[in-house]
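Enquirer: Below: sequence and its predicted model.
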Amino acid sequence: MADPEASQLGAYLKKLRTDRGLSLADVAERLEFDPSYLFRLESGASRKPHPDYLHRLAHFYGVLVEDLYALAGYTPATELPELPTYLRTKYGLTEEAIRELSDFKDFLTERAADERTPPPKPAHRAARRRT
């Protein structure tokens, strides 16, 4: 029996492909995948594909890789360790280096939010006519 997460991912990938009028062979050839592997992905028989495959599929179909990760059952971001703990453990960074990276991440996050926020609408003043 297929894993429910693999089945959801497979159904989504199949829908993306068929909505674009592509065959398994078309997608496999363009992405240099083995057609039988792509079939196993779409049928839900392949569990947790390698992230590289998910990135390539997301780019090819123009969808968010995070959506494919979630459908494949990878750990949601809310369950990942805090950034400072991760950086300290994984890379042995100092507290100062971690603070600098964290500040830079905050800067990028704020800038991205500012770019998504439309500028305020100008206030219109009612023109008075004196007669």
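Expert: Nice, thanks for sending it over. Numbering: from 1, shown residues only.

Enquirer: For the rest of this, base every contact and every neighbour count on C-alpha atoms.
Expert: Fine.

Enquirer: helices or strands next to the host helix or strand of residue 30 in the packing?
Expert: Secondary structure from DSSP states H and E places residue 30 in helix 24-31. Here helix 24-31 touches helix 35-43, helix 51-61, going by 3 or more Cα pairs under 8 Å, 6 or more residues apart in numbering; DSSP states H and E.

Enquirer: again, only this time at 7 Å
Expert: Where contact means 3 or more Cα pairs under 7 Å, 6 or more residues apart in numbering; DSSP states H and E, helix 24-31 is packed against helix 35-43.

Enquirer: Any chance you could list what contacts the helix it packs on?
Expert: 7, 10-11, 13-14, 24-25, 28, 46 (Cα atoms under 7 Å, 6 or more residues apart in numbering).

Enquirer: got the angle between it and helix 24-31?
Expert: 110 degrees (axes from the mean of the first three to the mean of the last three Cα atoms, to 10 degrees).

Enquirer: in what helix or strand does the residue lying closest to residue 44 once chain neighbours are set aside lie?
Expert: Sequence neighbours aside, residue 7 is the residue nearest to residue 44 in space, at 4.1 Å (criterion: Cα to Cα, 6 or more residues apart in numbering). In this structure, residue 7 sits in helix 4-19 according to DSSP H and E.

Enquirer: Report the separation between residue 115 and residue 28.
Expert: 36 Å (Cα to Cα, to the nearest Å).

Enquirer: Show me the protein divided up by domain.
Expert: 4-76, 81-116 (automatic domain parsing).

Enquirer: ok so, going back, the helix holding residue 7 - contacts with which helices or strands?
Expert: helix 35-43, helix 65-72.

Enquirer: how about a cut-off of 10 Å?
Expert: If you count contacts as 3 or more Cα pairs under 10 Å, 6 or more residues apart in numbering; DSSP states H and E, helix 4-19 packs onto helix 24-31, helix 35-43, helix 51-61, helix 65-72.
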